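A.B. asks: Predicted structure and sequence below. I'll ask about it afterward.
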Amino acid sequence: MGIFNYLQRLGKALMLPIATLPVAALLLRFGQPDVFNIPFIASAGGGIFENLPLLFALGIAVGLAKDNAGAAALAGVVGFLVLTKATSVIDSTINMSFFAGIIAGIVAGHCYNRFSDTRLPEFLAFFAGKRLVPIMTGIICLFIAWICGYVWPYVQHGIDSFSLLVSKSGMVGWFTYGVLNRSLIPFGLHYILHSVFWFSLGDCLKITYDLASSVHNICLAPDVVRSLTIGAAVPGIDGSTITQIATDMSRGDLNRFFAGDPHAGVYMAWAYPIFMGGLPGAALAMYLAAPKERRPQIGGMLLSVALTAFLTGITEPIEFSFLFLAPALYVLHAILAGVSMVIVNSLGILHGFGFSAGLIDLVLSWGLATKPWLLIPLIALFFVLYFVCFTLMIRIFNLRTPGREIGETTQAISAAQDNETIQHYITALGGAQNIHTVDACITRLRLTVGDNTQLDEHRLKQLGAKGVLKIGKQSVQVVLGPQAESIAGQIRTQLHSDRPHKRS
């Protein structure tokens with residue numbers, strides 16, 4: 001397996017722990033004083049955020065294991081505990097945070113694939129097979145902990161230096177991040193970028209304080225917090241009294257945002273104008289660019305994907321509707337994402353999300369944001385900007401977009417996900433004998449097939465696929481939208497019933 005395919009597998013595995021963020025964000029926000037002021041609900045959400053590194057270890061282990069087994073999850077937890085506790089004894093200042101979870105999860109997943117079927121002599125038979133996996137994971141992570149105990153301070157210094165470089169690079173750094181964020185989407189590698197910027201760069205320590213007979217939280221830089229004591233005032237907040245100082249750091253843009261860091265949200269706020277304004281504007285442009293007789297066929301699809309992007313921030317269905325038909329439009333889209341990043345940060349707008357940059361998260365996280373009202377005119381501006389740019393490029397360069405395809409029809413075979421439709425999917429993927437593994441992330445089927453030339457892309461698009469991405473000869477991704485996980489499960493079930501002696 002090449003490095004590219006491996007990174008894709010890792011990106012898919014990261015989706016399992018990341019899927020816990022929406023419920024954590026909901027609980028944390030609903031419990032805050034400016035919402036419902038119910039501390040135990042806020043603590044429940046905070047508990048998920050505080051243990052995200054452990055959830056990363058568990059989720060990645062399951063995601064990388066060949067049959068998503070629970071034994072891999074247990075091994076991930078064992079590896080994480082061994083790694084973090086052992087390194088802290090060697091150097092008490094080490095905080096590997098999410099990197100510890102990622103490392104432990106990777107080790108556990110590979111240990112499961114390597115040792116889950118291992119046989120041992122009769123007197124050790126109890127520890128054979130899956131029971132051997134957490135043991136081997138613990139041993140390997142102990143060795144890694146010994147290395148990290150001496151090497152990690154230098155790695156952390158490099159990460160901190162990179163964070164400082166990015167923060168000081170200003171518009172160039174912002175623009176580059178925005179372009180990269182969208183450019184990696186077609187390859188499924190954007191989750192790797194997210195894991196660095198959302199969960200690793202920058203840290204703060206959470207402070208709980210009383211102000212006007214109510215409890216508040218703020219997250220400040222560790223150097224600032226270390227000079228504070230219980231009973232003192234929070235710098236810049238007159239009349240406040242510190243009641244509690246956290247010992248565990250919140251690391252990364254997303255975690256710091258929900259912990260109350262007034263400087264977090266740099267790498268999330270830019271997405272709101274693009275997801276809620278730009279892409280719906282692009283959908284309208286593509287609809288009006290289609291011949292009038294074709295508009296009824298594509299109108300429902302474009303309206304659906306535009307509303308999905310606007311409400312939830314799930315953008316891949318609409319992005320893949322023009323990525324393969326008109327790659328030049330996707331290049332424009334990536335550039336405009338960089339422009340949004342520059343504008344939003346130049347205006348000092350800071351906002352975040354627990355899931356993605358849609359209306360739901362915009363409203364939910366409004367109380368934690370800085371200058372969120374400025375996003376409203378920016379959303380309208382990018383709607384117009386995308387509409388004009390997409391319209392001009394489609395007309396001037398005669399680009400193929402939904403409804404303008406040559407000799408193709410957009411008539412769907414079936415909208416229902418019944419057994420017959422699932423069988424259509426299997427046939428379009430080259431038949432049951434061609435499908436080796438089936439998995440899914442939020443919007444894509446991720447498959448390993450015997451020969452990707454046997455795929456019927458036209459039929460997949462008739463079934464509702466927004467795009468088909470082939471990586472190498474055996475890796476395939478089919479962009480379906482939010483129903484991808486459900487369809488993947490039904491395909492696996494159908495394959496098991498067709499060939500119960502094999503694994504899908």
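C.D. replies: Received it, and whenever you're ready, just let me know what you need.
A.B. asks: Surely residue 439 forms part of a helix?
C.D. replies: No: secondary structure of residue 439 (DSSP: H, G, I helix; E, B strand; the rest coil): strand, not part of a helix.
A.B. asks: Around the residue nearest to it when sequence neighbours are not counted, count how many other residues there are.
C.D. replies: Nearest residue to residue 439 in three dimensions, chain neighbours excluded: residue 446, at 4.6 Å (Cβ to Cβ, 6 or more residues apart in numbering). C-beta coordinates here come from the backbone N, C-alpha and C atoms, glycine included. As a burial measure, residue 446 scores 23 neighbours (other Cβ atoms under 10 Å).
A.B. asks: tell me the secondary structure for residue 446?
C.D. replies: strand.
A.B. asks: Identify the residues contacting it.
C.D. replies: 8, 12, 188, 438-440, 475-477 (Cβ atoms under 8 Å, 6 or more residues apart in numbering).
A.B. asks: Return the closest of these with respect to residue 245.
C.D. replies: Nearest to residue 245 among the contacts of residue 446 is residue 12, at 38.0 Å by Cβ to Cβ.
A.B. asks: So for the closest one, what's the pLDDT?
C.D. replies: pLDDT for residue 12: 77.
A.B. asks: what helix or strand does it sit in?
C.D. replies: helix 3-18 (DSSP states H and E).
A.B. asks: so what does the helix or strand following that helix touch, helix or strand wise?
C.D. replies: Per DSSP H and E, the first helix or strand lying C-terminal to helix 3-18 is helix 21-30. For helix 21-30, the packing partners by 3 or more Cβ pairs under 8 Å, 6 or more residues apart in numbering; DSSP states H and E come out as helix 39-50, helix 253-259, helix 359-364.
A.B. asks: Contacts made by the longest strand seen in the chain with the rest, please.
C.D. replies: Looking across the chain with DSSP state E, the single longest strand is strand 241-251. Contacts to strand 241-251, defined as Cβ under 8 Å, 6+ apart, come from residues 49-50, 95, 97-98, 199-211, 215, 219, 222, 225, 228-234, 256, 258-259, 261.
A.B. asks: rerun at 7 Å
C.D. replies: 50, 95, 97-98, 199-200, 203-210, 219, 222, 225, 228, 230-234, 256, 259 (Cβ atoms under 7 Å, 6 or more residues apart in numbering).
A.B. asks: and that strand, which residues are buried?
C.D. replies: 242, 245-246, 249-251 (16 or more other Cβ atoms under 10 Å).
A.B. asks: So for that strand, mean pLDDT?
C.D. replies: 87.
A.B. asks: and that strand, which strands flank it?
C.D. replies: Here strand 241-251 has these sheet partners by DSSP bridges: strand 203-211 (antiparallel).
A.B. asks: Next, the contact list for the residue nearest to residue 120 when sequence neighbours are not counted, please.
C.D. replies: Leaving aside its sequence neighbours, residue 120 sits nearest to residue 128 (Cβ to Cβ, 6+ apart; 4.3 Å). Contact partners of residue 128, counting by Cβ under 7 Å, 6+ apart, are 118-120.
A.B. asks: Tell me, what's the model's pLDDT at residue 209?
C.D. replies: 91.
A.B. asks: Now for it, how many residues are close by?
C.D. replies: 22.
A.B. asks: May I have stretch 329-336 exported as CSV, CA atoms only?
C.D. replies: Taking C-alpha atoms only, stretch 329-336 is exported to CSV below (Å, rounded to 0.1, in the frame of the first residue of the first chain):
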residue,chain,number,x,y,z
LEU,A,329,-14.5,25.7,-11.4
TYR,A,330,-13.0,23.8,-8.5
VAL,A,331,-9.7,25.6,-8.9
LEU,A,332,-11.7,28.9,-8.7
HIS,A,333,-13.5,27.5,-5.6
ALA,A,334,-10.2,26.7,-3.8
ILE,A,335,-8.9,30.2,-4.6
LEU,A,336,-12.0,31.9,-3.3
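A.B. asks: before we move on, back to that, determine which stretch of the helices and strands packed on helix 21-30 is the most buried.
C.D. replies: helix 253-259 (a mean of 27; mean count of other Cβ atoms under 10 Å).
A.B. asks: Does anything pack onto that helix? Which helices or strands?
C.D. replies: Applying 3 or more Cβ pairs under 7 Å, 6 or more residues apart in numbering; DSSP states H and E, one finds that helix 253-259 contacts strand 203-211.
A.B. asks: Measure how far the following helix or strand past the strand it packs on is from the centre of its chain, please.
C.D. replies: Next along the chain after strand 203-211, taking DSSP H and E as the criterion, comes strand 214-220. Chain-centre distance of strand 214-220: 27 Å, with Cα atoms, centre = their mean, to the nearest Å.
A.B. asks: Grab the most central residue of the chain for me.
C.D. replies: residue 191 (4.8 Å; Cα atoms, centre = their mean).
A.B. asks: For that residue, list the residues it contacts.
C.D. replies: Counting by Cβ under 7 Å, 6+ apart, the residues that residue 191 touches are 11, 14-15.
A.B. asks: and which of those is nearest to residue 313?
C.D. replies: Distances from residue 313 to the contacts of residue 191, taken by Cβ to Cβ, are shortest for residue 15, at 14.8 Å.
A.B. asks: Chain neighbours aside, what residue packs nearest to that closest one?
C.D. replies: Closest to residue 15 by Cβ to Cβ, 6+ apart is residue 441, at 4.5 Å.
A.B. asks: hmm, back to that, redo the buried residues of strand 241-251 as TSV? Include distance to residue 291.
C.D. replies: Output for the buried residues of strand 241-251, formatted as TSV (distance: Cβ to Cβ, whole Å):
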residue	distance to residue 291
242	66
245	65
246	60
249	57
250	53
251	52
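A.B. asks: List the buried residues in the helix or strand encompassing residue 497.
C.D. replies: Assigned by DSSP H and E, residue 497 falls within helix 484-498. By neighbour count, and taking 16+ other Cβ under 10 Å as the criterion, the buried residues in helix 484-498 are 484-485, 487-488, 490-492, 494-495.
A.B. asks: so which of those comes closest to residue 102?
C.D. replies: Nearest member of those to residue 102, counting by Cβ to Cβ, is residue 485, at 22.3 Å.
A.B. asks: Okay, and the beta partners of the nearest residue to the closest one once chain neighbours are set aside?
C.D. replies: Excluding its sequence neighbours, the residue lying closest to residue 485 (Cβ to Cβ, 6+ apart) is residue 440, at 4.5 Å. Judged by DSSP bridges, the bridge partners of residue 440 are residue 445.
A.B. asks: What is the neighbour count of residue 440?
C.D. replies: Other residues near residue 440 come to 23 when the count uses other Cβ under 10 Å.
A.B. asks: Report the contact partners of it.
C.D. replies: Residue 440 touches 446, 484-485, 488, counting by Cβ under 7 Å, 6+ apart.
A.B. asks: can you map out the helices along the stretch 251-400 of the chain?
C.D. replies: 253-259, 271-272, 279-289, 295-312, 316-323, 327-346, 359-364, 375-397 (DSSP state H, counting those that start in this stretch).
A.B. asks: Just the pLDDT at the closest residue to residue 118 other than its chain neighbours, thanks.
C.D. replies: Using Cβ to Cβ, 6+ apart and skipping the chain neighbours, the partner closest in space to residue 118 is residue 132 (5.6 Å). pLDDT recorded at residue 132 is 95.
A.B. asks: Please, which helix or strand holds residue 132?
C.D. replies: Counting by DSSP H and E, residue 132 is part of helix 132-168.
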